[in-house]
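Chemist: Quick one, what's the 3D model for this:
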Amino acid sequence: MKRSVLTRYRVMAYVTAVMLLVLCTCMVFKYGFDTGEGLTLVVSQIHGVLYIIYLIFAFDLGSKAKWPMGKLLWVLISGTIPTAAFFVERKVVREIEPLVADGSPVTVKA
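Modeler: Okay, here's the model as predicted:
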């Protein structure tokens, strides 16, 4: 597996998690303090698009790592639970890191 597959997943996991926390903060202001309705709409749409990209990259990583369906679903859903993506990303990286090709050339004997 290429390192770029893992890197794409890691970047989107962090971006999605941060945007979800921003969205939760906006929701608190919208419903708790009755302010920021326009900002909440914009942040929710941005998070939605980023979450779709996260789903694609996480599915790509899971299919290349040959994860069972339950694990793949947990990784996909972690982008919807505030702070869960941070913890799931660390666990996934620890598991996938040994599977990633290190980029060094492999010598083949004829």
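Chemist: In this protein, mark out all the helices, start to finish.
Modeler: 3-32, 37-65, 69-77, 84-96 (DSSP state H).
Chemist: State the distance from the residue most central in space within the chain to residue 64.
Modeler: In the chain, the C-alpha closest to the average C-alpha coordinate belongs to residue 13, at a distance of 2.4 Å (CA atoms, centre = their mean). Going from residue 13 to residue 64 by CB to CB, to the nearest Å gives 16 Å. C-beta here means a position set from N, CA and C on the backbone, and glycine is covered the same way.
Chemist: Would you agree residue 64 is in contact with residue 3?
Modeler: No - Residue 64 is beyond contact range of residue 3, at 11.8 Å (criterion: CB atoms under 8 Å).
Chemist: What distance do you get for residue 96 to residue 60?
Modeler: Applying CB to CB to residue 96 and residue 60 gives a distance of 12 Å.
Chemist: So for these two, which residue has more residues nearby?
Modeler: Higher neighbour count among residue 96 and residue 60: residue 96, with 20 against 13, using other CB atoms under 10 Å.
Chemist: That one contacts residue 7, correct?
Modeler: No - applying CB under 8 Å, one finds residue 96 not in contact with residue 7, separated by 10.8 Å.
Chemist: Contact partners for the nearest residue in space to residue 46 that is not next to it in sequence?
Modeler: In this structure, residue 46 finds its nearest non-sequential neighbour in residue 19, 6.3 Å apart by CB to CB, 6 or more residues apart in numbering. By CB atoms under 8 Å, 6 or more residues apart in numbering, the contact set of residue 19 is 43, 46, 47, 50.
Chemist: Against residue 47, how distant is residue 19?
Modeler: From residue 19 to residue 47 the distance is 4 Å (CB to CB).
Chemist: Residue 34 now?
Modeler: 21 Å.
Chemist: With neighbour numbers in mind, choose between the two.
Modeler: Taking other CB under 10 Å, residue 34 and residue 47 do not tie; residue 47 has more neighbours (23 against 8).
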